[in-house]
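1. Here is a sequence together with a model predicted from it:
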Protein chains: 2
Amino acid sequence: MTKMLILGGGGMVGQKLAQRIAADAPFADPQITLFDRAFPPQSAAGKQITGDVSDPAMAATLAAARPDVIFHLAAIVSGQAEAEFALGWDVNMMAMWHLLNALKAEHDASGGSYRPRLVFTSSIAVFGGPFPDQIGDEFLSAPLTSYGAQKAACELMLSDFSRKGFVDGLSLRLPTVCVRPGKANAAASSFFSGIIREPLNGIEAILPVADTVRHWHVSPRAATKFLTQAALLDTDQLEGRRALNLPGISCTVEEQIGALRRAAGQKAVDLIKHIPDETIMRMVAGWPRDFAPERAIALGFQAESRFDEIIAVYMEEELGGA
Amino acid sequence: MTKMLILGGGGMVGQKLAQRIAADAPFADPQITLFDRAFPPQSAAGKQITGDVSDPAMAATLAAARPDVIFHLAAIVSGQAEAEFALGWDVNMMAMWHLLNALKAEHDASGGSYRPRLVFTSSIAVFGGPFPDQIGDEFLSAPLTSYGAQKAACELMLSDFSRKGFVDGLSLRLPTVCVRPGKANAAASSFFSGIIREPLNGIEAILPVADTVRHWHVSPRAATKFLTQAALLDTDQLEGRRALNLPGISCTVEEQIGALRRAAGQKAVDLIKHIPDETIMRMVAGWPRDFAPERAIALGFQAESRFDEIIAVYMEEELGGA
């Protein structure tokens, strides 16, 4: 039996991850617990626990079950963390602090035998410009958003608690997950999905930035695969550097739109309205555009190679292939 | 009047900093408050407050005085932070968290007009190997000690609270301060000073590592100068990257010993006993050896250029030039 806990298990990636664990069976006899503030009506299978991830008592309760594998995906998204400063730090950083201390308490109580795998979804928002053309694995983390700073602080804690042997963690700096199904969210990056998803569903989309903006994308399918791979990785291979830049696709908004045209024609493209938004433009201007994620590739992580494939994944998974 | 608060004001650098502020008068009518757990009997001038820097109520009290300039030097040193894990995180990271939140509360209460300069002594321990020959300004922070992880987490918080305009902070990644006067401390780097200081005072010193070890040094005089310069710097020049690698001298232990020989003869050198210490060797092996601190140099920060000068500073300041 593998006891698995997904923090943020009610969210889009959490749900897809739970489905993948059940379908692909990468873990022996998985017993899945999903933790979140709320769950969708048709949730993926698993025991549901509802609560606030930043509550230290909840962290203690979750740790007391001694999960073998923990996926920590719970977060306040970038736009909201920028708008609600205290909430962002509380949920995006202090929750990790409470979780790590609760897990350390279980480690100590077990005489050192309990040492869970902890896979944390960090973000490319830990990077801030100016950037080289491609960001290498040794480029500094100098975030320009609160969300990025919070993720980077979590990476440091997770790495140190891991170095000490209390947990066995790694941080995945995921590309922007695209195409996100469902509704737009408060992430400043939400439009990267919106300009593909809405037209494919026959509705108007708003593009708040210039089509020359270049960004770094991965499908939900590849992202959940990264998570299960990370949970099974021999972390000795990381040689102490437990934050990984993951592979993705670097493309401009114009190239995204070109792929949409190939998938669904000009009629779909015509549904995109360009309405510049200064706040989003400013945030996006400080975001990474391209990476050379050599370590992750050497460790066997693999993403799509063209944005057309990312659209195909969305159509397959969400539109029944139509 | 400039209200100045030195956290860690009872320590070696804090005391020298208070003396420099009084002597060099870089600030208009400085009113100095020194905060620490304890103070030396012959303390530098200033109002003394004794307390625990990690106590949130104390942070609120200190912030309520609305200092114009705050130097945050208070820390559990590297060796102790490694041995006392919870204490290290509490003092080295959570104290900064409480301080920043207390200062933000004052900022908010002032209607946004209160925005203190906050100069934080980070450390080259934010870096972990493997290293390039020289560490550049864009090299990643991947600490291999708890102390380094805590300092790096503070940098991220300070940078984000500054970006939001609640404080105006910067983090100085100081080289190892050498030659430290007084007694050896629990820092794993303590011996770098000990092998110079003890022989100059006619007593035996222990060298726990090989003399081929290369490290990055600065005198207490240059370090305190960095601090006052940082307090007066136009932070717009930092362009959002508020952690700075400072200049120093890269030399091997053998070169340090050569400089000692030139200053005090072979008799002094003969007082150094090589007694290898595995724990210290392991920690030091993960530390930086050399830097190319181009940004700091361009901003006007300057260190000594030879280790001989560092010894001369010690002899001048601590031995009356003898």
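-> Structure's in. What do you need?
2. burial of the residue of the stretch 201-322 of chain A found nearest chain B, as a residue count?
-> Closest contact between the stretch 201-322 of chain A and chain B, by Cβ to the nearest Cβ, is at residue A:241 (5.1 Å). Where you see a C-beta, it was placed from the backbone N, CA and C, and this is true even at glycine. As a burial measure, residue A:241 scores 18 neighbours (other Cβ atoms under 10 Å in any protein chain shown).
3. thought it was touching residue B:142?
-> Yes. Between residue A:241 and residue B:142 there is a contact at 5.1 Å, judged by Cβ atoms under 8 Å.
4. which neighbours do these two share?
-> The contact sets of residue A:241 and residue B:142 overlap at A:159, B:128 (Cβ atoms under 8 Å, 6 or more residues apart in numbering or on different chains).
5. nearest residue to residue A:202 other than its sequence neighbours?
-> The shortest distance from residue A:202 to any non-neighbouring residue, by Cβ to Cβ, 6 or more residues apart in numbering or on different chains, is to residue A:271 (7.4 Å).
6. what about that neighbour, how many neighbours?
-> Residue A:271, neighbours per other Cβ under 10 Å, totals 17.
7. Look up how far residue B:155 lies from the residue in the stretch 1-150 of chain A that chain B sits nearest to.
-> Closest to chain B within the stretch 1-150 of chain A is residue A:149: 4.0 Å, counting by Cβ to the nearest Cβ. In this view, residue A:149 and residue B:155 are 9 Å apart by Cβ to Cβ, to the nearest Å.
8. which residues of the stretch 151-300 of chain A fall in helices?
-> A:190-200, A:220-232, A:253-269, A:278-285, A:294-298 (DSSP state H, counting those that start in this stretch).
9. How far off centre is the first one?
-> Put plainly, it is helix A:190-200. Here helix A:190-200 shows a centroid-to-chain-centroid distance of 18 Å under the convention Cα atoms, centre = their mean, to the nearest Å.
10. How about the second one?
-> For helix A:220-232, the distance from its own C-alpha centre to the chain's C-alpha centre is 10 Å (Cα atoms, centre = their mean).
11. which secondary structure elements does it contact?
-> Helix A:220-232 is packed against helix A:12-24, strand A:69-72, strand A:117-123, strand A:168-174, helix A:307-318, with contacts defined by 3 or more Cβ pairs under 8 Å, 6 or more residues apart in numbering or on different chains; DSSP states H and E.
12. Quick one: name the residues of the stretch 51-200 of chain A near chain B.
-> A:85, A:128, A:132, A:137-144, A:146, A:149-150, A:152-153, A:156-157, A:159-160, A:163-164 (Cβ under 8 Å from any Cβ of the partner chain).
13. In contact with residue A:168, which residues?
-> For residue A:168, the contacting residues are A:115-118, A:162, A:235, by Cβ under 8 Å, 6+ apart.
14. Kindly indicate the member of those residues with the most neighbours.
-> residue A:118 leads the contacts of residue A:168 on contacts (other Cβ under 10 Å) with 28 neighbours.
15. so what pLDDT did the closest residue to that residue other than its chain neighbours get?
-> Closest residue in space to residue A:118, ignoring its immediate chain neighbours: residue A:169 at 3.9 Å, by Cβ to Cβ, 6+ apart. pLDDT recorded at residue A:169 is 98.
16. what's residue A:169 in contact with, if anything?
-> Per Cβ under 8 Å, 6+ apart, neighbours of residue A:169: A:117-120, A:158-159, A:161-162, A:235, A:242.
17. and which of these is nearest residue A:72?
-> residue A:120 (4.7 Å; Cβ to Cβ).
18. ok, the closest one to residue A:231 distance?
-> Residue A:120 is 11 Å from residue A:231, by Cβ to Cβ.
19. More neighbours: those two, which one.
-> residue A:120 (27 against 21).
20. Hmm, residue A:156 and the more buried one touching each other?
-> No. Judged on Cβ under 8 Å, residue A:120 makes no contact with residue A:156 at a distance of 11.3 Å.
21. quick one on the thing from earlier: most tightly surrounded among the helices of the stretch 151-300 of chain A?
-> Ranked by mean neighbour count, the helices of the stretch 151-300 of chain A are led by helix A:190-200 with a mean of 24 (mean count of other Cβ atoms under 10 Å in any protein chain shown).
22. How about residues contacting it?
-> Contacts for helix A:190-200 (Cβ under 8 Å, 6+ apart): A:79, A:176-181, A:184, A:204-209, A:215, A:217, A:253, A:256-257, A:259-260, A:263-264, A:268-269, A:271-272, A:280, A:311, A:314-315, A:319.
23. Just give me the neighbour total for the residue nearest to residue A:253 when sequence neighbours are not counted.
-> Spatial nearest neighbour of residue A:253, chain neighbours left out: residue A:211 (4.3 Å); criterion: Cβ to Cβ, 6+ apart. Other residues within reach of residue A:211, judged by other Cβ under 10 Å, total 15.
24. is it true that residue A:211 touches residue A:258?
-> No. Using Cβ under 8 Å, residue A:211 makes no contact with residue A:258, being 9.9 Å away.
25. ok, residue A:240 touching residue B:142?
-> Yes. Residue A:240 lies in contact with residue B:142 (Cβ under 8 Å); the separation is 7.3 Å.
26. mind checking which helix or strand of chain A has the lowest mean pLDDT?
-> helix A:278-285 (a mean of 88; mean pLDDT, DSSP states H and E).
27. from the chain's centre, how far out does that one sit?
-> That offset, for helix A:278-285, works out to 20 Å (Cα atoms, centre = their mean).
28. cool, and stretch A:48-65?
-> 20 Å.
29. Quick check: end-to-end length of it?
-> Between the opening and closing residues of stretch A:48-65 lies a distance of 14 Å (Cα to Cα, to the nearest Å).
30. residues making contact with it?
-> Contacts for stretch A:48-65 (Cβ under 8 Å, 6+ apart): A:3, A:5, A:7-10, A:33-39, A:74, A:90-91, A:94-95, A:98-99, A:101-103, A:105-106.
31. Not counting its neighbours along the chain, what's nearest the residue nearest in space to the middle of chain A?
-> Nearest to the mean C-alpha position of chain A, by Cα atoms, centre = their mean, lies residue A:121 at 4.7 Å. Take residue A:121 and drop its neighbours on the chain: the residue closest to it by Cβ to Cβ, 6+ apart is residue A:73, 4.8 Å away.
32. neighbours around residue A:180, how many?
-> Residue A:180, neighbours per other Cβ under 10 Å, totals 23.
33. can I see the domain layout of chain A?
-> A:2-174+A:219-245, A:190-216+A:248-289+A:304-318 (automatic domain parsing).
34. now, of the ones you listed, which is deepest in the fold?
-> It is domain A:2-174+A:219-245: most buried of these by mean count of other Cβ under 10 Å, with a mean of 20.
35. measure that one end to end?
-> Start-to-end, domain A:2-174+A:219-245 (Cα to Cα) is 27 Å.
36. same deal with stretch A:167-184?
-> 35 Å.
37. what does stretch A:199-217 give?
-> Per Cα to Cα, stretch A:199-217 runs 19 Å from first to last residue.
38. if you average pLDDT over that stretch, what comes out?
-> 96.
39. How about stretch A:259-267?
-> Computed over stretch A:259-267, the average pLDDT equals 98.
40. Using PDB, write out every CA atom in it.
-> Extracted C-alpha coordinates of stretch A:259-267, given in PDB (Å, rounded to 0.1, in the frame of the first residue of the first chain):
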ATOM      1  CA  ALA A 259      -1.400  26.400 -33.800                       C
ATOM      2  CA  LEU A 260      -5.000  27.300 -33.000                       C
ATOM      3  CA  ARG A 261      -5.600  28.200 -36.600                       C
ATOM      4  CA  ARG A 262      -4.200  24.900 -37.800                       C
ATOM      5  CA  ALA A 263      -6.400  23.000 -35.300                       C
ATOM      6  CA  ALA A 264      -9.700  25.000 -35.600                       C
ATOM      7  CA  GLY A 265      -9.400  27.500 -38.500                       C
ATOM      8  CA  GLN A 266      -9.500  31.200 -38.800                       C
ATOM      9  CA  LYS A 267     -13.100  31.300 -37.400                       C
END
